[in-house]
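**Q** What would the 3D arrangement of this be:
(2 chains)
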2 protein chains.
Amino acid sequence: MNAVEKKFLEHCQKRKLFSKNERVLMALSGGADSVALLCLLSAIQPVLKLTLAAAHCNFRLRGTASDSDETFCKKLCAKRNIPLFSTRFETKRIAAERKTSLEETARNLRYAYFEEIAETHNFTKITTAHHADDNVETILFNLSRGSSILGLSGIAEQRGSIVRPMLYLSRADILDYLKSKRQRYRTDASNFSDDFDRNFIRLRVIPLLEKRFKHKLSANLLRLAANVTELAAFLDEHLEQLAQKKTLDLAQGRFQVADLKSLTPFEQKELFKRALKRFSIEPNATLLSDLVHLLQTQSGRKIVVSPALQVHWKGKEILFVKI
Amino acid sequence: MNAVEKKFLEHCQKRKLFSKNERVLMALSGGADSVALLCLLSAIQPVLKLTLAAAHCNFRLRGTASDSDETFCKKLCAKRNIPLFSTRFETKRIAAERKTSLEETARNLRYAYFEEIAETHNFTKITTAHHADDNVETILFNLSRGSSILGLSGIAEQRGSIVRPMLYLSRADILDYLKSKRQRYRTDASNFSDDFDRNFIRLRVIPLLEKRFKHKLSANLLRLAANVTELAAFLDEHLEQLAQKKTLDLAQGRFQVADLKSLTPFEQKELFKRALKRFSIEPNATLLSDLVHLLQTQSGRKIVVSPALQVHWKGKEILFVKI
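**A** So this is what the prediction gives:
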């Protein structure tokens, strides 16, 4: 193992990303990021006794280049003796049928395929090759298009069975590593995080900010994201404790007005957010403000949230009422 | 009163920025923003029965242009019958003596002058003309140079006696308003928020993002800032409640380990942050992580925070110890 691989092992151990003997499926496009992930996972495989396999999707969106990516992945895995699952999609046709964008269609197809393989072949983790630059891009993207504080937590390192063990590495680190190993990769391998706004953030905004703030931008944003992730964990616990009181019944959408009023507007909004989600409503800032404002009115008032949901102030209670 | 002035009055009333009969001192540079503030405050003065006065600083940094700004302010106030306090500073000399930048020197001199007048002449509020664009700039600036979540709250609408009643107005709103009143202003009036990084954010980054995100950027960032401001209020209350327990004694820097351990890392950090501030230490992310990590070690361990402060784990307690 070289220094980069040792650090990768330490990172995975410290963050408890994999258990010993775990079965790990990795997403492989053939691009630099996922090829680096394959090398890194191969390097730590003997230590953690992982069972490794790769999965490749050919979306047939770039003609022969797509097929060459597929061939590249097959050869790479054969050479390294890693089982490869691969599939082809008629992405254009499916996107037209589902009326979704090519990017979204590809993303949905890909994750569905990975999960299907994981289930069929008992893989307990699916890893993707997202790195620090992807994370910075996501944070600035969420910030620009509008996000609550919690949206600034960036890309999750772990969510369910999906793990991103390379989030601490920059794009430059990854290229250096591949160079040091003389490992080839496909430069045009499909990357479906590339919608136009994201490209704009990556190619125009980040270089501009990095130039002025002397490469501290990335570290600063990632530290902020870590800070927000900790905030989210605290809020989840705090809100869960609040909702354990019978007087603040999230599941039933039944809250004692006096208890709500004893909370700060921030807590009221977070509580309403969670209640709305249980009633399958995606909360927005205006609705949350309206609900907080309701508490400053009087019994008898109500808010029409959707054709299917109203929120009433009735006597001593605020009630979420399905219509 | 025209529509803009009526909305300004409503805003001030809703946000309780001024009490009736209050004595208000306003910062006047002669630029569009502060001239608009003077017009707006004049318009609502009879309704709220405010006593108004203006204060101008001539920093003598732009030769005759600085003196023309001063003359313009004097004429404007004379015409509107508003008392004007004005002063001149040898800013360059003072900056050299204090070894601070011109921007910082001017800022310090200005606020000190305002506060001195306020105290001598019993003004209870000092108002500045910061607007929504300044706020967006501040948020992106804090974000780029590194900030905790709470740093994203932007410019405070009220802090002590200082009030910024124009934060809801954009630069474009302000220029429209002045145009509709045919009110002249000085286009080069000193603006000492203009350090180079801020200019860069204002002139390069914001136009780029606004172009792509179709003028929603500003609204999105301001909504985020409002969200963070509410978070800050909640956290203050939550941490105050925590610190009311005798086992978490902020003032003495004396914490029961068991009680600390029952908190989330986010709460631990916020608690340590406040404790450090009481010991006049400006907390940074690394130090806070080290302190949280201390809780995962064992009794007997300590962290040297500064030459004057150490944090010890002794028996069942974490102790902040002055050296």
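**Q** count of neighbours near A:Phe266?
**A** 22 (other CB atoms under 10 Å in any protein chain shown). C-beta here means a position set from N, CA and C on the backbone, and glycine is covered the same way.
**Q** With B:Arg182 as the reference, measure out to it.
**A** 44 Å (CB to CB, to the nearest Å).
**Q** same thing with A:Tyr113?
**A** A:Tyr113 is 66 Å from B:Arg182, by CB to CB.
**Q** So which of those two has more stuff around it?
**A** A:Tyr113 (18 against 6).
**Q** Am I right that the more buried one is in contact with A:Ala55?
**A** Yes - assessed by CB atoms under 8 Å, A:Tyr113 is found in contact with A:Ala55 at 6.7 Å.
**Q** where does the closest residue to A:Arg145 other than its chain neighbours land on pLDDT?
**A** Spatial nearest neighbour of A:Arg145, chain neighbours left out: B:Phe213 (6.2 Å); criterion: CB to CB, 6 or more residues apart in numbering or on different chains. B:Phe213 is assigned a predicted lDDT (pLDDT) of 81.
**Q** Just give me the neighbour total for B:Phe213.
**A** 20.
**Q** Count the residues that sit near whichever residue of the stretch 1-150 of chain A sits closest to chain B.
**A** The nearest approach of the stretch 1-150 of chain A to chain B comes at A:Gly146, 3.7 Å away (CB to the nearest CB). Close neighbours of A:Gly146, defined as other CB under 10 Å, add up to 17.
**Q** next one: phi and psi at it?
**A** Main-chain torsions, A:Gly146, degrees, to the nearest 10: phi 100, psi 120.
**Q** and chain A, which residues reach chain B?
**A** A:143-149, A:152, A:197, A:200, A:204-205, A:208-209, A:212-213, A:216-217, A:219-221, A:223-224, A:227-228, A:230-231, A:233-234, A:237-238, A:264-267, A:269, A:285 (CB under 8 Å from any CB of the partner chain).
**Q** My guess is the residue of the stretch 1-150 of chain A closest to chain B contacts B:Leu222. True?
**A** No - here A:Gly146 lies out of contact with B:Leu222, judged by CB under 8 Å, at a distance of 10.4 Å.
**Q** what does the helix or strand of chain A with the lowest mean pLDDT contact?
**A** One helix or strand of chain A scores below all others by mean pLDDT, DSSP states H and E: helix A:196-200, with a mean of 80. The contact list for helix A:196-200 (CB atoms under 8 Å, 6 or more residues apart in numbering or on different chains) reads A:137, A:141, A:144-145, B:212-213.
**Q** Do you have the strands of the stretch 201-323 of chain A handy? List them.
**A** A:248-249, A:254-256, A:302-306, A:309-314, A:317-322 (DSSP state E, counting those that start in this stretch).
**Q** I'd like the ones you listed as a markdown table, with distance to B:Arg278, mean pLDDT and mean neighbour count appended.
**A** A markdown table is the format used below for those (distance: least, CB to CB, whole Å; pLDDT from 0 to 100; neighbours: other CB atoms under 10 Å in any protein chain shown):
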| stretch | distance to B:Arg278 | mean pLDDT | mean neighbour count |
| --- | --- | --- | --- |
| strand A:248-249 | 33 | 86 | 18 |
| strand A:254-256 | 36 | 92 | 20 |
| strand A:302-306 | 43 | 93 | 15 |
| strand A:309-314 | 42 | 94 | 17 |
| strand A:317-322 | 39 | 93 | 17 |
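**Q** Show me how chain A divides into domains.
**A** A:3-224, A:245-322 (automatic domain parsing).
**Q** for the last one, the distance to its chain's centre please.
**A** Domain A:245-322 has its C-alpha centroid displaced from the chain centroid by 28 Å (CA atoms, centre = their mean, to the nearest Å).
**Q** ok, now stretch A:158-165?
**A** So, by CA atoms, centre = their mean, the centroid of stretch A:158-165 is 9 Å from its chain's centroid.
**Q** Could I get the contacting residues of the residue lying closest to A:Thr247 once chain neighbours are set aside?
**A** Once flanking residues are discounted, A:Thr247 sits nearest to A:Gln256: 3.9 Å by CB to CB, 6+ apart. Under the criterion of CB under 8 Å, 6+ apart, the neighbours of A:Gln256 are A:247-248, A:316-317.
**Q** what's the most distant pair in those residues?
**A** Among the contacts of A:Gln256, the pair separated by the greatest distance (CB to CB) is A:Leu248 and A:Lys316, at 12.9 Å.
**Q** Format the CA atom coordinates belonging to the helix or strand that contains A:Glu97 as PDB.
**A** Element membership of A:Glu97, judged by DSSP states H and E, is helix A:91-98. Output of helix A:91-98 as PDB, limited to C-alpha atoms (Å, rounded to 0.1, in the frame of the first residue of the first chain):
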ATOM      1  CA  THR A  91     -31.800   6.000 -22.100                       C
ATOM      2  CA  LYS A  92     -33.300   8.400 -24.800                       C
ATOM      3  CA  ARG A  93     -36.300   6.200 -25.300                       C
ATOM      4  CA  ILE A  94     -36.900   5.800 -21.600                       C
ATOM      5  CA  ALA A  95     -36.500   9.500 -20.900                       C
ATOM      6  CA  ALA A  96     -39.100  10.300 -23.600                       C
ATOM      7  CA  GLU A  97     -41.500   7.700 -22.100                       C
ATOM      8  CA  ARG A  98     -41.100   9.000 -18.600                       C
END
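**Q** which other helices and strands contact that helix?
**A** Contacts defined by 3 or more CB pairs under 8 Å, 6 or more residues apart in numbering or on different chains; DSSP states H and E place helix A:91-98 against helix A:102-120.
**Q** Which neighbouring elements make contact with the helix it packs on?
**A** So helix A:102-120, by 3+ CB pairs under 8 Å, 6+ apart, packs with strand A:23-27, strand A:51-58, helix A:91-98, strand A:125-127.
**Q** Export those as a markdown table, with columns for mean pLDDT and distance to B:Arg88.
**A** Putting the helices and strands packed on helix A:102-120 into a markdown table (pLDDT from 0 to 100; distance: least, CB to CB, whole Å) gives the following:
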| stretch | mean pLDDT | distance to B:Arg88 |
| --- | --- | --- |
| strand A:23-27 | 97 | 67 |
| strand A:51-58 | 97 | 71 |
| helix A:91-98 | 93 | 68 |
| strand A:125-127 | 97 | 66 |
